[in-house]
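>>> Mind folding the following:
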Amino acid sequence: MKAWHWVLPAWLACVWFLPGLQGQGGAHAQGTSLDVLHWWTSSGERRAADQLSALLAPAGVQWNDAAIPGGGGMAAVKVLKSRVLMGDPPDVAQLIGSTLSEWADVGLVLPLNAVATRQKWPQVLFPTVLGVVSYQGEVIAAPLGIHRINTLLYNRRLFARLKLNPPHTWADFENVALKFSASGIKPLAWSDEAWQVATVFESLLLAEAGPVLYRQMIVQRHSAAWMDPRVEKALLRLRWLRSLSEAPVERVWTDSARELMNDSAAMMLMGDWASGELMAWGASPATDFACVVVPGTAHMHLYSVDTLAMLVNARHHEALQKKMAETISAMPAQLAYNRIKGSVPVRRDLSASALASLGSCARDSWETFASPTAARVPSLAHRMASDEATKDAVAQALWRYLSDPHMEAQEAQKRLASVIRSP
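Model prediction:
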C-alpha cells in the first residue's frame with residue numbers, strides 16, 4: 001500500500017468537516033482569480049510561469065501566484081498538504097507523476113475529461129503524456145511540457161579554449177575531464193543535495209543498465225534487479241563524478257548553473273530546465289552553452305512531465321479551472337512556455353516551423369520523444385515512476401553512499417534494493 005493511501009483519507013475526513021469547505025462556494029463563484037501553488041521560483045521558471053499568467057489573462061483567468069521555493073518541490077508538497085488539512089486547498093497545484101493518482105484517489109482532483117475531449121487530447125498529445133495525466137479512465141491534470149533528465153550541458157567557451165569536442169562516450173568524458181582539471185578548470189559543477197544526486201544517478205543508471213533493466217528496477221520495482229553488476233558500475237561512476245568537484249557541499253542547482261555561466265565549470269549534469277535558467281540570465285545556446293545527452297543514453301529519453309492539477313475546493317471555480325486547462329494545453333501556450341522553460345511541448349502535432357523555432361537541445365529532445373524507436377523511460381527522482389516516500393528513500397540512500405567513503409557500492413545496492421518494493 002502506498003504511504004499516502006492511508007494518510008490522505010485521514011486528511012480528507014478532517015477537511016470535509018472544516019467550515020471553510022462547507023457550502024461557502026457561492027460567494028466566491030463569480031471571481032476570476034485562480035490560486036496557483038507551484039515551485040517554479042528560479043529565474044527561468046519564474047519567466048515561464050509569468051508567460052502562462054500573461055496568456056491566461058485574455059482568456060479571463062487571473063493567475064494568483066502561490067510560489068513555494070525549494071529544490072525538487074519538497075517544500076511545496078508540504079505546504080500543499082498543510083493547506084488541504086486546514087481546509088484551504090489552492091485552485092491549482094503543480095502535481096506531477098505518481099502523486100497525481102494519490103490525490104485523485106481521495107477525490108481532491110477535478111476531472112478534465114470534457115476538456116480533453118474538446119481539445120482532442122487523445123489525438124494531439126503524445127500517448128505517454130496522456131498516460132501520465134490519466135487515471136482509472138479519467139483525465140486528472142493539464143500537461144505543460146516534457147523535460148529531458150539525461151542532459152549534459154557544457155560551456156562552449158571553455159571547450160573552444162581547450163579545443164575540445166563535447167563528450168559522447170564515457171571515454172570522451174573522462175578525457176575532457178582530465179584536460180580541464182590539468183588546466184585548473186573544474187570539469188563538473190556539483191551539489192550534494194539529495195534530489196540532485198538522485199537526478200545524476202538515474203541518468204548513469206540508464207546509461208549502464210539500459211532501458212529494459214532500468215524499467216525492471218524503477219517502474220516494476222524488482223528488488224533483485226538492483227543487485228545487477230551494472231548498478232554497481234553506475235554507483236562507482238557516481239562516486240567518480242563527485243570526486244571531480246571540490247569538497248562536498250549542498251547547494252541549490254542554480255548555483256551550479258551559475259558556475260557554468262561564469263566559466264567556473266565546464267559541464268553540468270542536470271535536466272534541461274537548466275538551459276532555461278541560463279537563457280534567463282542572458283546566456284545564448286548559440287555562443288555560450290550547448291547540450292548533449294548523457295553518454296550511453298543516445299536515443300533514450302529520461303522524462304519528467306510538468307502538469308497542473310485542478311483541485312476541488314469550496315470556491316467552486318470549475319469553469320475557470322477548465323478554461324486554464326484548455327489555454328495551457330493549446331499550441332500558443334505550449335510553444336511560449338516551453339521555449340522559456342527549456343522543456344518541449346507535450347503535443348505531437350508540431351509543425352516544421354514550430355519545431356525549428358525551438359533550440360537545438362529542445363529539438364533533439366522532442367524528436368527523440370516522438371521517435372517510435374526511441375526508449376522513453378520515466379524519472380524516479382522527479383516523481384514519474386514512484387510514490388513520494390520511495391523517491392525520497394532512494395535519494396537518501398544515494399546521499400548516504402556518497403557521504404560515507406567507506407561504504408562499498410555493493411552495500412549501497414543492498415540498501416537501494418531494500419527500499420524498492422513492488423507497487
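>>> For the longest strand along the chain, name the packing helices and strands.
The residue-count maximum for a strand in the chain (DSSP state E) belongs to strand 300-310. Judged by 3 or more C-beta pairs under 8 Å, 6 or more residues apart in numbering; DSSP states H and E, strand 300-310 is in contact with strand 92-93, helix 98-105, helix 127-132, strand 142-148, helix 194-218, helix 318-329, helix 360-370, strand 375-378. For the C-beta atoms, the positions are set from N, CA and C on the backbone; glycine is no exception.
>>> now the first one: how far from the chain's centre is it?
Going back to what we said before, that points to strand 92-93. How far strand 92-93 lies from its chain's middle: 16 Å, per C-alpha atoms, centre = their mean, to the nearest Å.
>>> try the second one
Using C-alpha atoms, centre = their mean, the mean C-alpha position of helix 98-105 is found 17 Å from that of the whole chain.
>>> who touches the helix or strand following it?
Downstream of helix 98-105, the first helix or strand assigned by DSSP states H and E is helix 113-118. Contacts to helix 113-118, defined as C-beta atoms under 8 Å, 6 or more residues apart in numbering, come from residues 121-122, 138-139, 142, 322, 325-326, 329.
>>> if we can go back for a sec, just the angle between the longest strand of the chain and helix 318-329, please?
Angle, strand 300-310 to helix 318-329, by axes from the mean of the first three to the mean of the last three C-alpha atoms, to 10 degrees: 160 degrees.
>>> Convert strand 300-310 to PDB, retaining C-alpha atoms only.
Extracted C-alpha coordinates of strand 300-310, given in PDB (Å, rounded to 0.1, in the frame of the first residue of the first chain):
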ATOM      1  CA  MET A 300      16.800   7.400 -24.900                       C
ATOM      2  CA  HIS A 301      14.600  10.000 -23.200                       C
ATOM      3  CA  LEU A 302      14.500  10.000 -19.400                       C
ATOM      4  CA  TYR A 303      11.500  12.200 -18.900                       C
ATOM      5  CA  SER A 304       9.500  14.200 -16.400                       C
ATOM      6  CA  VAL A 305       6.300  16.000 -17.400                       C
ATOM      7  CA  ASP A 306       5.200  19.300 -15.900                       C
ATOM      8  CA  THR A 307       1.500  19.200 -15.100                       C
ATOM      9  CA  LEU A 308      -1.100  21.300 -13.200                       C
ATOM     10  CA  ALA A 309      -3.900  19.700 -11.400                       C
ATOM     11  CA  MET A 310      -7.200  21.500 -10.700                       C
END
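>>> next one: that strand to chain centre, how far?
The answer for strand 300-310 is 6 Å, by C-alpha atoms, centre = their mean.
>>> Run me through the strand neighbours of it, direction for each.
Sheet pairing here is set by DSSP bridges, and for strand 300-310 it gives strand 92-93 (antiparallel), strand 142-148 (antiparallel), strand 375-378 (parallel).
>>> in stretch 380-393, what counts as buried?
Applying a neighbour-count criterion of 16 or more other C-beta atoms under 10 Å, one finds 380-388, 390-393 buried in stretch 380-393.
>>> likewise stretch 202-217?
Neighbour counts over stretch 202-217 (16+ other C-beta under 10 Å) mark 202-211, 213-217 as buried.
>>> Kindly report the same for stretch 107-124.
Using 16+ other C-beta under 10 Å as the test for burial, stretch 107-124 gives 108-112, 115-116, 119, 121, 124.
>>> for the protein, which spans come out with low pLDDT?
For the chain, residues meeting the criterion pLDDT under 70 lie at 1-31, 71-72, 247-248, 422-423.
>>> repeat that with 50
Within the chain, the stretches with pLDDT under 50 are 1-30.
>>> quick one: the strands in it?
Under the criterion DSSP E, strands of the chain are mapped to 33-38, 62-67, 92-93, 134-135, 138-139, 142-148, 151-155, 186-188, 265-269, 289-293, 300-310, 375-378.
>>> Which of the ones you listed sits closest to H168?
The closest of the strands of the chain to H168 is strand 289-293. By C-beta to C-beta, the value is 6.4 Å.
>>> Paired strands for the closest one, with orientation please.
Counting by DSSP bridges, strand 289-293 is paired with strand 151-155 (antiparallel).
>>> Give me the buried positions along the partner strand.
151-155.
>>> what's the answer for stretch 409-423, then?
By 16+ other C-beta under 10 Å, the buried positions in stretch 409-423 come out as 409, 412-413, 415-417, 419-421.
>>> now stretch 397-410
397-399, 401-402, 409.
>>> Extract the C-alpha set from it and format it as PDB.
The C-alpha trace of stretch 397-410 is given here as PDB (Å, rounded to 0.1, in the frame of the first residue of the first chain):
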ATOM      1  CA  ALA A 397      20.300   6.000   0.200                       C
ATOM      2  CA  LEU A 398      22.300   7.600  -2.600                       C
ATOM      3  CA  TRP A 399      23.200  10.600  -0.400                       C
ATOM      4  CA  ARG A 400      24.400   8.300   2.400                       C
ATOM      5  CA  TYR A 401      26.500   6.300  -0.100                       C
ATOM      6  CA  LEU A 402      28.300   9.400  -1.300                       C
ATOM      7  CA  SER A 403      28.600  10.800   2.200                       C
ATOM      8  CA  ASP A 404      30.400   7.700   3.600                       C
ATOM      9  CA  PRO A 405      33.600   7.000   1.600                       C
ATOM     10  CA  HIS A 406      33.900   3.600   3.400                       C
ATOM     11  CA  MET A 407      30.600   2.300   2.100                       C
ATOM     12  CA  GLU A 408      31.100  -0.200  -0.800                       C
ATOM     13  CA  ALA A 409      29.000   0.100  -3.900                       C
ATOM     14  CA  GLN A 410      27.600  -3.400  -3.200                       C
END
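>>> and it, how far from the chain's centre?
Remark: stretch 397-410 is offset 25 Å from the chain centroid, using C-alpha atoms, centre = their mean.
>>> list the contacts for L130?
L130 makes contacts with 121-122, 139, as judged by C-beta under 8 Å, 6+ apart.
>>> Could you tell me which of the buried residues of stretch 409-423 are located in helices?
Residues of the buried residues of stretch 409-423 located in helices (DSSP state H): 409, 412-413, 415-417, 419.
>>> still on that earlier bit, take the buried residues of stretch 409-423 and lay them out in JSON lines including distance to S256.
Formatted as JSON lines, the buried residues of stretch 409-423 follow (distance: C-beta to C-beta, whole Å):
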{"residue": "A409", "distance to S256": "24"}
{"residue": "A412", "distance to S256": "23"}
{"residue": "Q413", "distance to S256": "27"}
{"residue": "R415", "distance to S256": "26"}
{"residue": "L416", "distance to S256": "24"}
{"residue": "A417", "distance to S256": "30"}
{"residue": "V419", "distance to S256": "26"}
{"residue": "I420", "distance to S256": "28"}
{"residue": "R421", "distance to S256": "32"}
